[in-house]
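Trainee: Okay, here's the prediction I keep looking at, along with the sequence it came from:
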Amino acid sequence: MNMNRRIEVLEISGQARKDVERIVEIWDQCLGRSGGPFLFGEFTKTDAMFAPVVNRFEIYKLSDADVVSRYANTMTSTVPWREWEEAGRTEPWIVEEEEF
């Protein structure tokens, strides 16, 4: 995971696109049922698990769905997210084979 990565569209396979669509569907259903702001109302382990996914959706511009931007805004506005992002931005090393 690279918090310093330039934000740009990543071309993905058809199967990856289906995975993205399924994640959007899951987020939409969970937020609709719970009323938000997190997937099950309050922050849970599920939100923590999806944190890297939120980052990838943003970095690779994987979806412009309203539910994605709402959930991403909720996640990225938390103190733990900001601390995690700041720590990631200060990492001095790069894993070259992961930079595509």
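Mentor: Looks like it arrived, so ask away.

Trainee: Show me the strands in this structure, by range?
Mentor: For the chain, applying DSSP state E gives no strands.

Trainee: which intervals of it have sub-threshold pLDDT?
Mentor: Within the chain, the ranges that satisfy pLDDT under 70 run 1, 99-100.

Trainee: dump the residue contacts of the closest residue to Y71 other than its chain neighbours.
Mentor: Nearest non-adjacent residue to Y71, counting by Cβ to Cβ, 6 or more residues apart in numbering: W27, 5.3 Å away. To be clear about C-beta, it is placed using only N, CA and C from the backbone, and glycine gets the same treatment. By Cβ atoms under 8 Å, 6 or more residues apart in numbering, the contact set of W27 is L39, F50, V67, V68, Y71.

Trainee: How much space separates W27 from A16?
Mentor: Counting by Cβ to Cβ, to the nearest Å, the gap from W27 to A16 is 17 Å.

Trainee: that older thread, and the contacts of W27, which is closest to V20?
Mentor: Proximity of these to V20 (Cβ to Cβ) peaks at V68, which lies at 9.2 Å.

Trainee: what residues are up against that closest one?
Mentor: With Cβ under 8 Å, 6+ apart, V68 has these contacts: V24, W27, F57, L62.

Trainee: now with 6 Å?
Mentor: For V68, the contacting residues are F57, by Cβ atoms under 6 Å, 6 or more residues apart in numbering.

Trainee: Next: L10.
Mentor: By Cβ under 6 Å, 6+ apart, the neighbours of L10 are Y60.

Trainee: let's have the chain start at 798 instead
Mentor: Taking 798 as the first residue, the last one we looked at is L807.

Trainee: what about the spatially most central residue of the chain, distance to E894?
Mentor: With the centre of the chain defined as its mean C-alpha position, the nearest residue by Cα atoms, centre = their mean is V851, 0.4 Å away. Counting by Cβ to Cβ, the separation of V851 from E894 is 24 Å.

Trainee: could the contacts of W824 go into CSV alongside distance to S874?
Mentor: What follows is the contacts of W824, written out as CSV (distance: Cβ to Cβ, whole Å):
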residue, distance to S874
L836, 15
F847, 15
V864, 16
V865, 15
Y868, 11
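
Trainee: Kind regards, and thank you for your time.
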